[in-house]
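> Fold the following for me, if possible:
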Amino acid sequence: QVQLVESGGGLVQAGGSLRLSCAVSGRTVSGYVMGWFRQAPGTVRELVGALSRSAFNTYYADSVKGRFTISRDNTKNTVYLQMNSLKPEDTAVYYCATRDGYALLGGYDYWGQGTQVTVSS
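Okay, the predicted model is just below:
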């Protein structure tokens, strides 16, 4: 059974940083595509970053390019989202997810429960 547990969310001032963690069980992070999504109230869930199986390829939404970095630690079977220069518009619930396919874009199959990130102005 695949389980993803996010942590690291919280309240931060604009310009600050947070690092989200996603502890994965039931599959190895090095063997699957991993992604971070976010959803703000009244909006659709969007993919903000994704990491390929090889970790060679990444995807970032235009809104976070240059500020967010997705990475993984194979020894801890954990995926991270480093978020720098945070803006109030980054406020959302952030979800970790994984998919069975090879492409970074597409439907994701397993999801965490989400962690709230709130950026104050």
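> When you work out contacts or count neighbours from here on, use the C-alpha atoms and nothing else.
Fine.
> So for this protein, which residue is the most central one in space?
residue 36 (2.3 Å; CA atoms, centre = their mean).
> which secondary structure element contains it?
Following DSSP states H and E, one finds residue 36 within strand 33-39.
> Kindly report the same for residue 95.
Secondary structure from DSSP H and E places residue 95 in strand 92-99.
> Now do that strand: distance to the chain's middle.
Averaging C-alpha positions (CA atoms, centre = their mean, to the nearest Å) puts strand 92-99 5 Å from its chain's average.
> Contacts for that strand next, please.
Strand 92-99 is contacted from outside by 4-6, 22, 32-41, 107-118, using CA atoms under 8 Å, 6 or more residues apart in numbering.
> do stretch 67-74 as well
Contacts of stretch 67-74 (CA under 8 Å, 6+ apart): 28-30, 49-51, 55, 58, 60, 78-86.
> Buried only: go through these for me.
29-30, 49-51, 55, 58, 60, 78-81, 83-84, 86 (16 or more other CA atoms under 10 Å).
> re the thing from before, neighbouring strands of the strand holding residue 95 in the sheet, and parallel or not?
Strand 92-99 has the following strand partners under DSSP bridges: strand 33-39 (antiparallel), strand 110-111 (antiparallel), strand 115-120 (antiparallel).
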